[in-house]
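Participant: Sequence and computational prediction follow.
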Amino acid sequence: MRRFSLATLLREALRGHTGWAPQWRDATPKPAYDAIIVGAGGHGLATAYYLAAECGVRNVAVVEKGWLGGGNTARNTTIIRSNYLWEESEAIYEHSLKLWEDLSHALNYNTMYSPRGVMMLAHTVHDEQVLKRHIHANRLAGIDNEWLSPREAQEFCPILNTDPALRYPVLGAALQRRGGVARHDAVAWGYARAASALGVDIIQNCAVTGIRRGADGAVQGVETERGFIAAPQVGVVAAGHTSVLMAMAGVRMPLESFPLQALVSEPVKPVMPCVVMSNTIHAYISQSDKGELVIGAGTDVYTSYSQRGGLHIASDTLEAICELFPTVRRLRMLRSWGGIVDVTPDRSPIIGTTPVPGLFVNCGWGTGGFKATPGSGHVFAHTIAKGTPHPIAAPFALDRFRTGRLIDEAAAAAVAH
Amino acid sequence: MLIIRCPYCEANRPEPEFRHAGAAHIVRPLDPSATTDAEWAEFLYHRDNPRGTVAERWRHIHGCGRFFNALRDTVSDRILSTYPAGQGRPE
Amino acid sequence: MIGASRQEGMMQRLLVGRMFQGRLVPDSMRTEAGGRIDRARDLRFRFDGVDYLGCEGDTLASALLANGIHLVGRSFKYHRPRGILSAGAEEPNALVTLRRDGGRTTPNLRATQIELYEGLEATSQNRWPSLSTDFGALASLAAPLLPAGFFYKTMLGPRGWKLWHRLFEPLLRRGAGLGHAPTQPDPDRYARYHDHCDVLIVGAGPAGLAAALAAGREGQRVILCDEQAEPGGTLLTEIRALVDGIPAREFLARSLAELSAMPNVRVMPRTTAFGLYPHNHAGLAERVTDHLAAPGQDLPRERLWQIRAARVVLATGAIERPLLFPNNDRPGVMLAGAARDYLLRYGVKVGNHVVIATACDSAYLTALDLAAAGVEVKVVLDLRSSAEGPLPEAVRKAGIPILTGGRVLGTHLRRLRLDSVLLGRADGRTRWFDCDALLVSNGHTPTAHLAAHARAPMHWNDTWGAFLPGSIEGVASIGACAGATTLAEALAQGAALFAAVPPPVEAELPIAPAPGTLQGAETGCVFVDLQNDVTAQDIRMAVGEGFRSVEHVKRYTAGGLGTDQGKTGNMALFALTAAASGLAPAQVGTTTFRPPYTPVTFGTLAGPARGDLFDPVRTTPLHDKAVAEAAVFEDVGPWKRARYFPRKGETMHEAVAREVAATRATAGMFDASTLGKIEVMGPDAAEFLNRLYVNALTGLKPGSCRYAVMLSEAGFVMDDGIVARLAENHFHVTTTTGGAARVLHHMEDYRQTEWPDLRVWLTSTTEHWAVIALQGPKAREILIPLCEADISALPHMAVRDLTIAGAPARLMRVSFTGELGFEVNVPARHAPPLWDALRARLAAIGGTLYGTEAMHVMRAEKGYIIIGQETDGTVTPGDLGLPEGRAKPDFVGKRSLTRPDMLLPDRRQLVGLLTENPAVMLEEGAQLVTEASPPPGTPALGHVTSAYHSPALGRSIALALLAGGRTRLGQRLFVAGPRGGIAVTVAPPVFLDPEGARLHG
C-alpha cells in the first residue's frame, strides 16, 4: 500500500494526479476462503481489516451486494460518543472511541474524526435525573461526561435557545467532550484500503443468495450471484438486512428493520460548533466540515426495507430543531434520505456466535451503529478468529434474549441514538 | 405517510390515525409456564422481519380504537390488504 | 430593504442616474420591446452595494443581466469567479444572500429564482473582501494540491498531535460553507395545509396544461402546480408555433383562463412539488410573500401543502446540460436555452456579441431569436459532424456561420468576464473569437426527480443521453421528462392520459433530442459540477483510484452534492465515470434522487409548530387554582404539574420542607388529576385485571382498593396504580401520569387480540375525573363536614361513591404519603368549587398545598416507588420487594420472571441508604461501590434512584437499587463522587412509620 502523505500528494500534483493506484482491489471471488464477511459496510470492512491485521486471518473475502460502504455507513449522521449507561455498553463504545482517536493514523487515511463534543439536552426534571445518572456511571468507568448548566450549554453552543419560557426549556446538558463526528465514507474507504492491502478480497456487486450448511449443520460457505464461495467461517454484518440473511441459514432473529431518516441543510459558514442531541423533543444536529447542518430524524413506526419514509418524520424533527435553534429556520433542507436499521428488543447490538456452527453475526445496532464501527469490527474479528466471543462482545450474545440478561439502553436512558 | 384502510371503519385513513403494533399472528402460548426459556424468547422477541410481504398489526387508535392486521410489502410499502384481528392471514 | 427617507434620495439620484451617472445606468442590455416584464414599472434594487434598475417581472438574474452584470458569485472550493449559467431552479452558480430586515436575511438563494421587488438588496457570497477581489481565490493557485478527496490523504500531522482537529479542520471549515446563516430568529410565519385530489399535475408546461385541461373538463378534481411565478413552461418562449390555430402564448393564456374558471381545478404558481412520498403523498412548497416588497402581516411566508393524490402526473420538463471544455466555468458562459429565456421572457440580451457552441439543435433557436433581437451571433459551433434540418437551415439563411465538427478549446477572461473563446475546427485549425457571452448546449436531461422519489424504474435512453423514468402505479410521466421532443407530442401525451384529443400544432420548429457529448473533457480545467468545483480530471482520478460506482464517485468528488444537486452536471458525471471505467452509461447507472427536488425552507416544513404550538400543553381542571397560588410548575410528559408553592423569598428546598412538615403535622392538599384513570366494566372485568396485574384481584371485595403492579410481557415493571372495585363488575383503575395512554393501549391489546372471549369494556376517564388528594392526620376532619355520608369509619384502601360539597364524588381512602389520606375524584367541572371549599377548611386548620416535589419526598420517606425513577424498564417486582404473584397460574409477564437471569441473587434490589453524615445529600444517579476511591473501571453495585432531605427524619435519605441489596442491610458502602466517596449504610427502604400506624390512623 502506497502511503498517503503530503509528499505523495505533491508528487502526484506534479504529474497531474495520473499515478494514483486503486485504493482497493476490486476482487473476483476465489473458490474458498478461511473466512467470509457478508456486508462491506464500515463494520464488515473493519472486521476484515482486524482479522487480517491482528488475528492473522488474511485469506478473507468481504462480499457485498452493492457498493462498499453503501448501506447505513453512507446514510448516518456520524455521531461518535461513548457515554452510555450500562457497563457492557460503556465497554464497547469506549473501546471504539479509543480506536477512533488513532484511526486515521492506523489506517493512513484521514477519517476526519473531530472530537468537538456531544451535548445531550435535558428538558425535564426526569431528563436531568437520567443524564446525571449517565454522568455518574461514566465517571466511575473513566469515561468523560459532565453536567452543564443552561448558561454553560449556551456558551458551548451559542445558537442554542435557552430561553426559560420555551415549551420545553433547556434545564441543562450532559457533555462528552471526546465525542464528536467523523467522515462516514472515509471510514469505509480507509478500512477497505487497509484491508485490501493486507490481502483481503473485497467483492462488490455480489449478492449473497444462500448460506450453505453441511450435514452436521455447520456452515460451508455462501451461495452468491457469482457462484458458491466456500469458507468454514461466515460472519454476517449486514445492518438492516440481517434477518433476511440469517433466514438463509435457518436462524430467526430478534430483529425488526425500520426506516431511519436524516437530512442536511444547504451549506453555510460555521454556526454549530458541536453535536447537540435532545431525546425528549427528538432532534440531533451537527454541522459537517462542508457546512451542511446534519440532522437526524426519527424512525418510521413500521418495518420497511424501502430506504424511504414519510414526510412527517422530517417535519417533526425540524419542528424541534427550529425551536432549539430559532436562527436556522430560514435555512433550507437540501437532501433527505433513509436507511434501514435493524433494531433489537433491548436496543443493544448482537455480536457473536449463532446456533449454526461457523456462523457469526454482528447486527442490531439500531440507530447508533456508526460510532461503534472500529470497536465492533475489532471485537467481532477476534470473536470469529477464536470461535468464542471477545470479552467485550460476550454480553451482547444472542442468547441473552433467552436468559433475560438484556442490556436495555433505551428503557434505562431513553437515549438510544 | 401511509394511507391505511381500517377494516372496521371501512375507510382509508392517514397513518397518524393509527398505531403500529408489531408483527401479526404471534400467538401467546396458552400455558406460558409450560414453555422452555427458548420457546418463550421465540414468542417474546424473535420475528420473521421479512423483506417482502409482512403481516403486521395496526390499531385505529384515533378512530374506532380496534386492532386489525395488514399485509404490506416492505419493499414498496404498498398495503395489499387489511383484515380484522383474529382472522387468518389471507393467501 | 431601503429606508423610506433614503428612497426619496434615491429617486433624485435615479433621475440623475438615468441621464448622467455610469453607476446607475438603467438596464443597458434591455431590448426595446418584448418579454413578459412590465416596462412601465421600474424597480430599484441593490447588488453588492451598488444600485441598479430592473422591471416588474424580472428575476434578480434577469435584472442583473439587463444591467450587463454576469459576475455574481464565487465557487465553493477554488473561489473561481462565476456567472449566471441558467434561468431556473438548476442554477449552480448564482447564489446570493438576500438581505431583508433583521431575521429575514436568507443565504444561498438562486438569483434565477428570486423575483425582483422594489428595494431588493442582495449580496454575493463566499468571497472576501469583495466579489472582484477575493483572497479565497488563492486556493486556485494551490488547486493541483487540492484534487478531489485531497483531505483524505493528508492533513493529519504527527501521531498524537491531533492536528486535524486542532488546525486543519478549523481552516477547512472556515473556507467551506456558502453564505452565512441568519443571526436572528426568523420572524415570519409558515402555514401547513392538507388536501386531496384526483389528479396532481406537477409542471404547467404544455404537457401539464394539456393534462389539466383534459382532466378538468372531465370533472376531476385537479391540482396543477408550477414552481415558477408564471405558469406555462416552454410555452412562455414559444413564439413560432400555432396551437389550436392561435399563437402558442395566446393558447397558454386561454388555457389558464379556462382552468381558472373551473371550480374543480386549482392552479398553483410559485409552488414547487419537492417530494413524492409513499402512497402518492406529495410535498409542495408554496412561496407566498418572498416576491413582495412589503409583505402583509396577514400572510405566511410559505405554505407547506401535503397533497394526497389518487393519480400523480409528472410534467416536469427537461434541464439543459452545459458543454465540457477547458475553463467552461467563466462568467459569460451560459446555457443557450437560458439566453433565449432571458430574451423572450425578460427582454434581456445576455450579450451583444455572442458565440454559440452546441451538440443539440435547440441552440439554433437561440441563435435565430438573438439575431432577430439585434445581437451579433458570431458563429454557431456544432460539435456534431453535421448540422442539417430546418433549424440549421434557418440559421444559415439568417447569415450566421456554422462550424461543424468543431470544439471549444478554451475561454479567456478579462476583468472577470469572458471576452473571447478559442474554437477549434474539424480540420484542426483554431481561432479566437471575441465575444461577451458563450452560449452552450449539450442536450437535455429529463427531470425525473419526482418519479425517482416514487421509485419508478429508470431506463437509459441513447437518444437523450439520459435516464427516462418508467411508469409506476399511480404515477405517470409526460412531456419532456418522459421523452417527448416536440410541443405537439407533449400536448398529445397530456391529453392522452385522459383520453382527450390534443389541440393541433402548426409551424413548430421541431428539436430532436441529443445525446450530448463528452468531447472537450479530455484535458485542462473542465468543470463538471460548477458549484462544488468538480472537474473531469477529478472524476477520472476517482475512477482510477477504484471508485467505480457512481455513488462512490459522487461521494469522493462531491459531484452532485451541491445545492443544485447536480441538475446540470450529473449526467456528465455519470458519463465520464462510465467512460473512465470502460463501461456504457446504462451499466454505470444513476445516483438516487432524494427529496427535495429543490431546497425547502426548514420553517416551511416545521410549519406553525413553534412556541406554545410546538406541543400542546395539558393542564388539569385545577391548573388555574395552582397558578393563583403562585405554584412553580414542571413538565411531566405533556402536562404542567405544580411542583411546589413557594411563599415569598422561599427556595424550593424551603418550600418543600414546609409543605412536607405541614402535611405530616396537619394536612396537605394536592392536585392528582393527571393520574390516568380507566373504567373497567363487565362480567369478566375482575378476571381480566387479574391477568394483567401481578397482584391477585379476583378476590378484591367491592368497595375496596388494592395497589397493583403491571408488567410488560418481558417481566419488567411497566406501571402501577390503584385498582378500586366499585361493584362486582365495575372497576376504577389508576395509572401513572405518563403511563395512561400506554396502559390503556396495553389493556386493549390483550382484551381485543388475546382474550376476545372475555366480556369486559374499557373507557379512559382521565379527563372526566379531577382528583384532589387530601393527606395528613387532619384530612378526615377536613373532609367529614363536606360529605353527605359518614366516612369516619372508612378504612384504608376503601372506596365509596358519595356526594361531597354537592358534587358526585368517588372517594378513595388511599395514601401516597404514608399519612391518613383520601383521594377525592369528582367530575372535572365540580373540581374548582370543591377545591375552594377544601382549601378554606385546610387554611383554617393550618394545612398546606403541596406539589409534586413534596409528594416525592413523602413517598420516598415511606419507600414507595415512582415508575421511571425506581424503575427503568429493567426492574422486576421482586427487585422492588413487591409481590411476584407466585400463587397465580399466569399473568402478563409472569413467565419472564423465571428466566435464568431473573433468578440471579445479585440482581439489583431496592434498598434505603443513610449517609454517615446526615447533612450530606446524595445525588440521584450516583453509583454505589465498595471503596471510597475506586479506580476507573470499577463495576458499580448499583445506583441512587431517589435522594431527598427528609423533614420527618431531619436528615438526608435515599433509595437505591443495589446488587443483592436485601442481603446487604447494614453494610457500609460508598457512593462514588467527583470529590471522593460518600460513606453510606444500607437500610430498609422504608424510613418512616414502617408499621403503618399513621396510615391506618
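Facilitator: Sure thing, it's come through.
Participant: mind listing the helices for chain B?
Facilitator: Counting by DSSP state H, residue ranges of the helices within chain B are B:37-44.
Participant: From chain B, how far off is the residue of chain C found nearest chain A?
Facilitator: Residue nearest to chain A within chain C (C-beta to the nearest C-beta): C:Gly873, separated by 2.3 Å. Every residue, glycine included, has its C-beta placed from N, CA and C. For C:Gly873, the distance to chain B under the criterion C-beta to the nearest C-beta, to the nearest Å works out to 14 Å.
Participant: is it true that that residue touches A:Ile407?
Facilitator: No: the pair C:Gly873 / A:Ile407 is not scored as a contact, 11.4 Å apart, by C-beta atoms under 8 Å.
Participant: Check whether the residue of chain C closest to chain A sits in a helix, strand or coil.
Facilitator: Reducing the assignment to helix, strand or coil with DSSP: H, G, I helix; E, B strand; the rest coil, the entry for C:Gly873 is coil.
Participant: Break chain C into its domains for me.
Facilitator: In terms of domains, chain C is parsed into C:4-144, C:192-318+C:447-506, C:322-442, C:521-588, C:621-674+C:769-850, C:676-765, C:900-1000 (source: automatic domain parsing).
Participant: Return the most buried member of the ones you listed.
Facilitator: Highest mean neighbour count of the domains of chain C: domain C:521-588, a mean of 23 (counted as mean count of other C-beta atoms under 10 Å in any protein chain shown).
Participant: Name the nearest residue to C:Pro900, sequence neighbours excluded.
Facilitator: In space, C:Pro900 comes closest to A:Thr403 once its chain neighbours are excluded; the distance is 4.5 Å by C-beta to C-beta, 6 or more residues apart in numbering or on different chains.
Participant: count of residues packed around the one you found?
Facilitator: With neighbours defined by other C-beta atoms under 10 Å in any protein chain shown, the count for A:Thr403 comes to 16.
Participant: Who are the contact partners of it?
Facilitator: With C-beta atoms under 8 Å, 6 or more residues apart in numbering or on different chains as the criterion, the residues that contact A:Thr403 are B:Asp37, C:Arg899, C:Pro900, C:Asp901.
Participant: The first one: how many residues sit nearby?
Facilitator: Each residue near B:Asp37 was counted by other C-beta under 10 Å, and the total is 18.
Participant: contacting residues for the residue lying closest to it once chain neighbours are set aside?
Facilitator: Leaving aside its chain neighbours, B:Asp37 sits nearest to A:Arg402 (4.9 Å; criterion: C-beta to C-beta, 6+ apart). Contacts for A:Arg402 were tallied using C-beta under 8 Å, 6+ apart; they are B:Asp37, B:Ala38, B:Trp40, B:Ala41, C:Arg899, C:Pro900.
Participant: rerun that using 7 Å as the cut-off
Facilitator: A:Arg402 makes contact with B:Asp37, B:Ala38, B:Ala41, according to C-beta atoms under 7 Å, 6 or more residues apart in numbering or on different chains.
Participant: Any chance of a markdown table for the domains of chain C, columns distance to A:Ala32 and mean pLDDT?
Facilitator: Listed next are the domains of chain C as a markdown table, based on distance: least, C-beta to C-beta, whole Å; pLDDT from 0 to 100:
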| stretch | distance to A:Ala32 | mean pLDDT |
| --- | --- | --- |
| domain C:4-144 | 45 | 85 |
| domain C:192-318+C:447-506 | 37 | 97 |
| domain C:322-442 | 46 | 96 |
| domain C:521-588 | 25 | 94 |
| domain C:621-674+C:769-850 | 58 | 97 |
| domain C:676-765 | 43 | 97 |
| domain C:900-1000 | 39 | 96 |
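Participant: now for those domains, which one comes closest to A:Arg193?
Facilitator: Shortest separation from A:Arg193 across the domains of chain C is recorded for domain C:521-588, at 8.4 Å, computed as C-beta to C-beta.
Participant: From the chain's centroid, how far away is the closest one?
Facilitator: Domain C:521-588 sits 29 Å away from the centroid of its parent chain (C-alpha atoms, centre = their mean, to the nearest Å).
Participant: just stretch C:232-252 next, same as before
Facilitator: Using C-alpha atoms, centre = their mean, the offset of stretch C:232-252 from its chain centre is 39 Å.
Participant: what about it, how long is it end to end?
Facilitator: End-to-end distance for stretch C:232-252: 6 Å, by C-alpha to C-alpha, to the nearest Å.
Participant: before we move on, what about stretch C:590-603?
Facilitator: One end of stretch C:590-603 sits 31 Å from the other (C-alpha to C-alpha).
Participant: cool, stretch C:954-969 as well?
Facilitator: End-to-end distance of stretch C:954-969: 21 Å, with C-alpha to C-alpha as the criterion.
Participant: How much space separates C:Glu754 from B:Phe43?
Facilitator: Here the distance between C:Glu754 and B:Phe43 works out to 12 Å (C-beta to C-beta, to the nearest Å).
Participant: Which neighbours do the two have in common?
Facilitator: Common neighbours of C:Glu754 and B:Phe43 (criterion: C-beta under 7 Å, 6+ apart): B:Arg28.
Participant: residue ranges with poor pLDDT in chain B?
Facilitator: Under the criterion pLDDT under 70, no range of chain B is flagged.
Participant: So which bits of it are right by chain C?
Facilitator: Applying the criterion C-beta under 7 Å from any C-beta of the partner chain, the portion of chain B that neighbours chain C consists of B:1-3, B:19, B:21, B:28, B:32-33, B:35, B:37, B:40, B:44, B:65-67, B:76-77, B:85-86.
Participant: Among those residues, name the buried ones.
Facilitator: Listed as buried from these are B:1-2, B:19, B:21, B:32, B:37, B:40, B:44, B:66-67, B:76-77, B:85; burial here means 16 or more other C-beta atoms under 10 Å in any protein chain shown.
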